[in-house]
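1. let me see the structure of the following:
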Amino acid sequence: MGEHYRPAHETHLGSPSLFSCFFYLCRVAIQLRIYGFAKTLKSVRESNTKICYDGVEWSPLVARTAHNIAIAGALFPGRARCLEQSLALIAMLRRRGVRVEFKLGVQPYRFRAHAWVEYNGLPVNESGEVIDGLVSLPSI
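-> Numbering: from 1, shown residues only. Next up, the predicted model:
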């Protein structure tokens, strides 16, 4: 309830360009440095989350966007890590009305932490093998 629905022709179904993905990575990286993780995550989560287009098949858009973010991350100066890429991916997909979740996981022994995005309960920008063995933290 309280969500707005628009006809499919009014949605932003086009996948973002490589330039847009690079821009969002820069934006997220700057926000993380200036405002820290909590404020950046809040900003990303509030990216047009009121508009949601149910009944639209998002899988192709989600896959193309994740692919473009990965390429932009490889070209990013100093290399964009999983956190920056996941936050940028969330922001871009939410702006298009896609319901996605930001996930953080940790492995306590031989500590490692990882961030990824899930769509319909499946990892989008990461393989299941990489996140196996990680304990997913509760949603923040």
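
2. buried ones in the lowest-mean-pLDDT helix or strand in the chain?
-> Least confident helix or strand of the chain, by mean pLDDT, DSSP states H and E, is helix 128-131 with a mean of 72. Neighbour-count burial for helix 128-131, counted by 16 or more other C-beta atoms under 10 Å, picks out residue 131. In short, each C-beta sits where N, CA and C put it, glycine included.

3. could you do stretch 28-46 as well?
-> Judged by neighbour count (16+ other C-beta under 10 Å), stretch 28-46 contains these buried residues: 28-29, 31-32, 40-41, 44-45.

4. try stretch 15-31
-> For stretch 15-31, the neighbour count (16+ other C-beta under 10 Å) marks 15-16, 20-22, 24-29, 31 as buried.

5. give me the mean pLDDT for it.
-> The predicted model assigns stretch 15-31 a mean pLDDT of 92.

6. quick one: contacts of that stretch?
-> 39-40, 43-44, 60-61, 64-65, 68-69, 71-73, 75-76, 80, 84-85, 87-88, 91-92 (C-beta atoms under 8 Å, 6 or more residues apart in numbering).

7. all helices of this protein, in order?
-> Here the chain has its helices, by DSSP state H, at 18-45, 59-75, 82-95, 128-131.
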